[in-house]
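# sequence-free structure coming up:
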């Protein structure tokens, strides 16, 4: 089974968490795209979705699935999204697709966060995947200097602007042994909008597509 098939298998397994009449939060990225495409087959069962990015919203609307505004919906029963890295404690690194702020908002506003990924995303500790930080453009150099002081190597994601009009620093050389503490610390740097560590609000369920089939951690 190739990586794409594993992602699709994980996304398919997440469909079992959908109940009739739900409004579902939807993430961003290749695995989330599989979930959106599969959701099209049962769209009559749900009352709508809230998307974490313009790209996901477009894809949902392309399938004729209603996309709603979080402010009008309130608390979500379910949020489904992928991850760039995940641990057995269900801590995640997200933001490879640049939608980390809206993803974090939806995760925070959801009763249950189901993360779908292929088995290669499971790691013993976070940090091999460069950690994305969404940063207000004016603060880019300042935040980068603060990261260098911590022994990290920040790299501006070239030619990329988030849906919120900000830039992304991809931070290399981090071994994230205390994800909650580091998430809190980096969030406190002025100009940082969001850190791509999802640990203060981790996933509730991690569904991994592997060569041996789908595995679920919770």
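Looks like it arrived, so ask away. Note that this is a predicted model, so its numbers are computed, not measured.

# domain ranges for this protein?
If you go by automatic domain parsing, the domain ranges for the chain are 3-123+200-217, 131-195.

# switch the ones you listed over to a markdown table; also include mean neighbour count.
For every residue, glycine as well, the C-beta is placed using N, CA and C. Shown next, in a markdown table, are the domains of the chain (neighbours: other C-beta atoms under 10 Å):
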| stretch | mean neighbour count |
| --- | --- |
| domain 3-123+200-217 | 19 |
| domain 131-195 | 17 |
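
# what mean pLDDT does stretch 70-77 have?
For stretch 70-77, mean pLDDT is 96.

# for that stretch, give me every contacting residue.
19, 22-25, 48, 50, 105-106, 109-112 (C-beta atoms under 8 Å, 6 or more residues apart in numbering).

# quick check, nearest of those to residue 131?
residue 105 (18.5 Å; C-beta to C-beta).

# tell me the contacts of that closest one?
Residue 105 neighbours (C-beta under 8 Å, 6+ apart): 52, 70.

# from residue 27, how far off is it?
Distance, residue 105 to residue 27, using C-beta to C-beta, to the nearest Å: 11 Å.

# between those two, which contacts overlap?
Joint contacts of residue 105 and residue 27 (C-beta under 8 Å, 6+ apart) are residue 52.

# what pLDDT does the model give residue 4?
Note for residue 4: predicted pLDDT of 88.

# can you give me the strands in the protein?
23-26, 48-51, 76-81, 85-86, 92-93, 110-118, 131-135, 153-156, 167-172, 192-195, 197-198, 205-210, 213-217 (DSSP state E).

# ok, which of those comes nearest residue 183?
Closest among the strands of the chain, using C-beta to C-beta: strand 197-198, at 4.0 Å.

# longest helix in the protein, please.
When the chain is parsed with DSSP state H, its longest helix is helix 3-14.

# ok, residues contacting that helix?
1, 30-32, 34-35, 38, 80, 82, 114, 116-120, 207-211, 213-214, 216.

# so which residue is dead centre in this structure?
The centre of the chain sits closest to residue 94, judged by C-alpha atoms, centre = their mean, with a distance of 4.5 Å.

# was I right about that residue contacting residue 100?
Yes - between residue 94 and residue 100 a contact is recorded at 5.4 Å, counting by C-beta atoms under 8 Å.

# which residues are in contact with each of these two?
Residues touching both residue 94 and residue 100 (C-beta under 8 Å, 6+ apart): 132, 196.

# so what's residue 122 up against?
86-88, 206, 208.

# repeat that for 6 Å
residue 86 (C-beta atoms under 6 Å, 6 or more residues apart in numbering).

# roughly how far apart are it and residue 205?
14 Å.

# got it, and residue 137?
To residue 205, residue 137 is 36 Å away according to C-beta to C-beta.

# what of residue 191?
For residue 191, the distance to residue 205 - C-beta to C-beta - is 33 Å.

# and residue 77, by the same measure?
With C-beta to C-beta as the criterion, residue 77 and residue 205 are 13 Å apart.

# residue 198 too?
Distance from residue 198 to residue 205, by C-beta to C-beta: 13 Å.
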